[in-house]
Structure formats: structure tokens, C-alpha cells
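Fold the following.
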Amino acid sequence: MKKVTARRRPEQAHVVVESVDPIVDGGRFPAKAVAGMPVEVGADVFSHGHEPVRAHLRYRRDGTRSWSTVAMSPVGNDRYVATVTPAEPGLLEIEVLGEVDRLASWRHDASRRADAGRFDPSDPVAGAALLAEAANQLAAAGRRREAEIVGSLSVATADAGSCAAIVTALRSCDAHADLIASVPPTGELGSSYRFQVLVGRRAAAFSSWYECFPRSTSPVPGRHGTLRDLVEHLEYVARLGFDVLYLPPIHPIGTTGRKGRNNAPVAQEGDVGSPWAIGSPAGGHKAVAPALGTLDDLDALVAAAQERGIEIALDLAFQCSPDHPWVTEHPDWFAHRPDGTIACAENPPKRYEDVYPIDFDTPDRDGLHLALLDVVLHWMAHGIRIFRVDNPHTKPFGFWEWLIAEIRRHDPGVVLLSEAFTRPKVMHRLAKLGFDQSYTYFTWRSTKDELEEYFDELAHGPGRTYLRPNVWPNTPDILPENLQRGGRASFVARLVLAGCLSACYGIYGPVFELLVDTPASPGSEEYADSEKYQVGTFDRDDPRSIADIVARVNAARTSHPALQANASLHRHAVDNDQLMCWSKRDDETGDTVVCVVSLDPLWPQSGFVDLDLPALGLADGATFSVRDELTGASYTWNGRRNFVLLDPSGIPAHLFSVEHAAVAGASAAAGPLAAGPGAAGPGATSH
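Numbers count the residues shown, from 1 in each chain. Down below sits the predicted model:
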């Protein structure tokens, strides 16, 4: 008979650790978290046979040697969870460990024998040894609360030959269960892959952005604005409640190929050109356009903004005008045609004669990369810690992975917003590479089905651990059709949708709050008289402005923790496809909001919302009060089914805070809704 041999002895792991969450692409990329906020880690941990297991989570800051360890709690079906709260931004390295819980196994078997009146002389001996081992490990790890507590775990060793010793040992286990659970793992372990979590600061996960062109902030109509003018504009931005003021490129603008007003291919005398055509004899990416001011003016702006709780965000656009100093100093950084000329940027049928794209396949790749890193570090040295990155999907993924890692090495608190309106998988890849926030398709999502499906995906889909949406109703490049046709009601509805569906959102102002809705031509998404090509003049005191509503939405976002995260987003049914209802709830504070928005900008819409009350932290049948943060009106609602009426001539949205709940099943006014102040009968509103 042929002898049976094995080429390789199979691994005999007693414990398996799998299905770890949050983990991205098997640990290839980090999940995202926020300093000061708990990160929940879950894993399946189990062994063959029936022996119980223990699970531990250990973690450390990237680059440090010592680990911190916390016990994980079972939640059923071999699933264990634990939370860790990172103290500061940076990379956190995490590993899940599992081991057979010999002490728990002994407790189970010995207690059952003791309950049955059977005495096994080996039980107290084994128990005493296991407890003494636990006490020694606690003492060695320096984790004892008091010396006498550690010592009490070894009491069972005093009389290891009697049934009383079993009882003593079991009582010791019960009395110090939490301490025993913290015993560091020993013996044969199972472990997960080590994975990382990218910890950002609060602004990475919750921020309200306001975009404006500094050159359009002059108090004198028609005069080119400056950074000093923008300092005076900060009070307006603060009054609206924004905490990030984002500026398009502030660098010198080239003259070669300069675009004229309304994107005319030839500029006329006095045309200021597109800020994204970066570079002139006055300097490149590290210079300020002379018409805007100086670096000292920028420093003054940053300081003045900080005094008002606002951060300045700059545009990071890695492209050059034909007049950029790099074009003559480093011509090999640009792609050349067969005739030797440098190719301008194109997105057929569009052609940008005023912009040269950078060739990231240049032989001088190292020199180019270091120069671009130097640009970012330059602005960081001037107090800029937030960047909106222009068109990152047109640059190699490897470049971004390298650049973002270098930026984090200098300051892990820098926030990067990816402006990539492109294919979903490309957007997700950029988020995995380290971009803190991402533009979304919200701008083009208009129907109830589109919005609900998309935001369910963002809040609960595979990208929830690494892609943070930053939603915008409009941008300088995009005046969507949903804002062109609906007037004031559309602007208000899109504002509430953006500000309450997503923890991060922004508007391009003041055209948004002033309801500017004229396209360059029918069917176009370009603005007529776009600020991209000319200095804008705006009356921010125009009585048609919805600035007061913008301020109320931002005030609600600031005061309600529920609106500062996305994970709790929960849709609720409404029997009218023109009405959309959702809620958010903060588990730590219990703060709960319910939003209802009409998607019809022309006609009043009404219907019954069918609330999932447990998702609001309420019992079925509860009577509770809601307060509309947009109008100040309060109402009493009873149970799941409640009536709403929204009129586009007023405010076509409710932003309700759930103020309190009465005892479930308590009596209420007749009908599905008890009318509160301002209500006109059985409806939720009298708009």
C-alpha cells in the first residue's frame, strides 16, 4: 500500500476571526472616522466545538509601538463589537484578536456540576489555577484597580480540595466579571488582518460650505473686488451660518487664450478671464492675483475668518495657463503635439485654449510631484487646512495616494474635497485614496425615487465607511434644470434637501440665495453672465433673497446633532410621490429630526406621512410634539399617521425637531393630528 503523506501540515487555528467591519477592500484602504467620536468595530469570532471564546480589539496610532486593548462584547450569532474613540487626527491601526475562553468554559461546566450536586475534585484545582493566572496577567499588565481586587481573584486557591472552593471561585468570577473580561488575550489566538482607520477632524465629517468669487465682493458695483473686500463680507457669511468659505483659485490669471464674457472665445478689453487659467508673469500656483491683493491680505482674511468661526478653503487646480512660469521653466511637464506645441485642455466638444493640462507621465515625475506638494505646503503655511480639489479624476490615482499621504504626514487635520463628477467607481476610488469628502450626483437627482435610492446608497451602502458626501444644489459650472424651472420654491426645497440629507453640504452664492436661475441658453447648465468669466454685482439685501431661510437651516444643523451625521438616515412612507419624508437620530443625545419636503414647486401638495416610530426613539402609538425649525410653529402628533400640507407660495418644507414624547397610547385631539399653533385645522401646517 502506498504511504499517505501530506505536503503541508494544515494550520490548526482554534479561533477564527472574520467579517471585520469597518474594513475597506480587505484592508487595502482605510475606513474613515472623526477624532473624539466613537468608532465601532465588529467581527465574527468563533471556535470549533462548543467552547466559548473571548474577543479583544487592540489599536495604536500609526508609527507607535505600544498597543491599547479593549474587550469586545458578544451581540449574538458569534458576533462581537467594541468601540474605540480616537483622540486626534491621524491613522489608527486596529486588529481583532480571539481566543478560547478557558475560564468561561470552566465556569459553565463546574457550575452545572455543582448545581447537580456532583463534586469533581479537579474542578476547584482547575478553577483556582485559571483565576490565579487571570490575576497574574492583570497585575503584569498594570491594569488592576486595587491590589486587593487582584488578590481576591486568587481566593479560590486557599482551599482547592472542597466543593466550597468551587462556590468561592464562581462568586469571584461574578464579582469581578468586568475585570476578568479585560484580561489581555493569551494562549492560542486567532486574529484579523491589521487594518487602518483614517481619523480626521470634525470638519471632515460635518461642515457647511459657502462658495463665492472674491472679485465679486466689492461694495462698489463694477469694481474688481479684493481679499480685503472679502473680509468685510465675512459678517454676511457668518450670519448665514456657514463655517467654510470656499474661494475659487486666487492666483494670477493668464492672458493667452483668455476667455471673454459668457465664455466667448476671444476676450475684450477689461475682461478678467477664468480663475482656473492659472499663471501669468505675476506668478503661478503660489502667488495671489495682484487684482485681489497680496499674501498678507490672505493672512488677514484667514485670521478674520477664524475670529468668526469660519475656515477659508482654497481651490487646488493642478493645471496652468499658457503664461504660467512652469511652461517655460519646465516644458517637459506638459504634453506636446507632434509639431512641438503644447496641447490645450479639451473635453470634446469643449476646448479650453486658456488652459494647459499637466502631463503626469512626464519623465521628470519626481520633480513635478514635489512641486505640486510644495504648492499645498505653501498654502498650509498660510493657515489653509481645507482644499477643494478640481477634477482629481483626470490625474493618476497613484499621484493622489502619494500626495495625500505626504499632506497627512505634515498635518493629519487637512481636509480634502474631491470635485469629481464622473463614474461611480472612480469617485469611490478617490475616496478610498484619502479624500475626506466627495461631490455627488445630488445636483441632478430630482424625483422622490431618485433621491431616496441615492441617499440610501450614500448612507447605508458599501461606501458608507469611506465616502463622505458633500452635496451642492448648484456650482459655478452647474445651474441644474431643477433650479431653472421652479423659482423660489425649488431653491428652498433643494436647500433643505441638501442641508438635511447630508452632514456636509454647500451652496454657490450669492447666486443661490438670490435665486439666480437664468441659463446661458435653453437646455444649458451654464449660467448667463457667469462669474467664471466676469466680475459679478449682487444686491445681497434684495428682498427676494432666501438668506434668512438659509440661516435657519444652518442654525438647525448646528444645534441638532442628528443632522451632523449620515448613518441614521431613515426614510418614511408618504402617500404622495411629490412629498418626501426622512428622519435622523443621534443615539448619544436622543436628538431627533423629521424632514418633509415638497418636490412640486408649482402646486400645494398634501398627504399622510407614515412614521416608523421606533426609528424616532418612540413607542408605537406615542403622542409627541414637533417644532418646525423653519417657522417656529409647534404641533402635536399622535401615532404613526399624520397629515401634512406644503404650499410653494410659503416654505415648501418642514424641518421638525421631535421635542418630547408622551406615554404610548395616550389620548390626543380628534383626528390623526392635533393642530398646534399656526395650524388651520387638522393639517400640519397653514403655509
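
okay, CA-based contacts and neighbour counts for the rest of this
Noted.

so how far is the top helix by length along the chain off the chain centroid?
What stands out as the longest helix in the chain, according to DSSP state H, is helix 122-141. Its chain's average C-alpha position is 46 Å from that of helix 122-141, according to Cα atoms, centre = their mean, to the nearest Å.

Give the helix, strand or coil label for residue 459.
Recorded secondary structure, residue 459: helix (DSSP: H, G, I helix; E, B strand; the rest coil).

Touching, it and residue 566? I think so.
Yes. The criterion here is Cα atoms under 8 Å, and residue 459 meets it with residue 566 at 5.5 Å.

So for these two, which residue has more residues nearby?
Counted by other Cα atoms under 10 Å, residue 459 and residue 566 do not tie: residue 566 has more neighbours, with 26 against 22.

Am I right that that one falls within a helix?
No. Read with three-state DSSP, residue 566 is coil and lies in no helix.

Now do the longest helix of the chain: which elements does it pack against?
helix 102-115, helix 147-152, helix 163-175 (3 or more Cα pairs under 8 Å, 6 or more residues apart in numbering; DSSP states H and E).

Run the angle between it and helix 102-115 for me.
With axes from the mean of the first three to the mean of the last three Cα atoms, to 10 degrees applied, the angle from helix 122-141 to helix 102-115 works out at 150 degrees.

Residue 514: what's it in contact with?
The contact partners of residue 514, by Cα atoms under 8 Å, 6 or more residues apart in numbering, come to 540, 542, 544-547.

err, residue 80, not the other one
With contact taken as Cα under 8 Å, 6+ apart, residue 80 is in contact with 42-45, 55, 72-74.

switch the cut-off to 10 Å
Neighbouring residues of residue 80 by Cα atoms under 10 Å, 6 or more residues apart in numbering: 20, 41-46, 54-57, 71-74, 96, 98.

Repeat that for residue 81.
Counted by Cα under 10 Å, 6+ apart, residue 81 has contacts 20-21, 40-44, 55-57, 71-75, 96.

Highest neighbour count among these?
With neighbours set by other Cα under 10 Å, the maximum within the contacts of residue 81 is found at residue 55, which has 32 neighbours.

host element of that residue?
In this assignment (DSSP states H and E), residue 55 forms part of strand 53-61.

wait, residue 576 sits on residue 607?
Yes. Between residue 576 and residue 607 there is a contact under Cα atoms under 10 Å: 5.8 Å.

if you count what's nearby, which of those two comes out ahead?
Between residue 576 and residue 607, counted using other Cα under 10 Å, the more crowded position is residue 607 (18 against 14).

does the more buried one count as helix, strand or coil?
Secondary structure, three-state DSSP: residue 607 is strand.

That one pairs with what?
Using DSSP bridges, the bridge partners assigned to residue 607 are residue 644.

Tell me which residues touch it, please.
Residues near residue 607 by Cα under 10 Å, 6+ apart: 574-579, 641-646, 683.

repeat that with 7 Å
Contact analysis of residue 607 by Cα atoms under 7 Å, 6 or more residues apart in numbering lists 574-576, 643-645.

Include distance to residue 320 and pLDDT when you put those residues into TSV, please.
TSV is the format used below for the contacts of residue 607 (distance: Cα to Cα, whole Å; pLDDT from 0 to 100):
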residue	distance to residue 320	pLDDT
574	51	98
575	53	97
576	50	97
643	56	96
644	53	97
645	52	97
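
does the residue nearest to residue 649 when sequence neighbours are not counted sit in a helix or strand, and which one?
Residue nearest to residue 649 in three dimensions, not counting chain neighbours: residue 489, with 7.2 Å by Cα to Cα, 6 or more residues apart in numbering. Using DSSP H and E, residue 489 falls within helix 487-501.

Give me the sheet partners of the next helix-or-strand element following that helix and which way each runs.
Where DSSP H and E defines the elements, the next helix or strand beyond helix 487-501 is strand 504-508. Pairing partners of strand 504-508, with direction, according to DSSP bridges: strand 207-211 (parallel), strand 470-471 (parallel).

The next helix or strand along the chain from strand 504-508 versus helix 487-501: what angle between them?
Counting by DSSP H and E, the next helix or strand C-terminal to strand 504-508 is helix 547-559. Using the same axes, to 10 degrees, the direction of helix 547-559 lies 10 degrees away from that of helix 487-501.

Next, the buried residues of stretch 28-44.
Neighbour counts over stretch 28-44 (16 or more other Cα atoms under 10 Å) mark 29-37, 39, 41-44 as buried.

mind giving me the domain ranges of the chain?
For the chain, the structural domains run 15-199, 208-328+379-560, 563-674, going by automatic domain parsing.

can you redo these as TSV with distance to residue 353?
Converted to TSV, the domains of the chain look like this (distance: least, Cα to Cα, whole Å):
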stretch	distance to residue 353
domain 15-199	38
domain 208-328+379-560	5
domain 563-674	40
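
Least reliable of the ones you listed by average pLDDT, please.
With a mean of 79, domain 15-199 has the lowest mean pLDDT of the domains of the chain.

So what's the gap between that one and the chain middle?
Computed by Cα atoms, centre = their mean, the chain-centroid distance of domain 15-199 equals 32 Å.

got the buried residues for stretch 648-661?
If you call a residue buried by 16+ other Cα under 10 Å, then stretch 648-661 has these buried ones: 648, 651-658, 661.

contact partners of stretch 51-64?
Counting by Cα under 7 Å, 6+ apart, 45-47, 66-72, 80, 82, 91-101, 104-105 sit against stretch 51-64.
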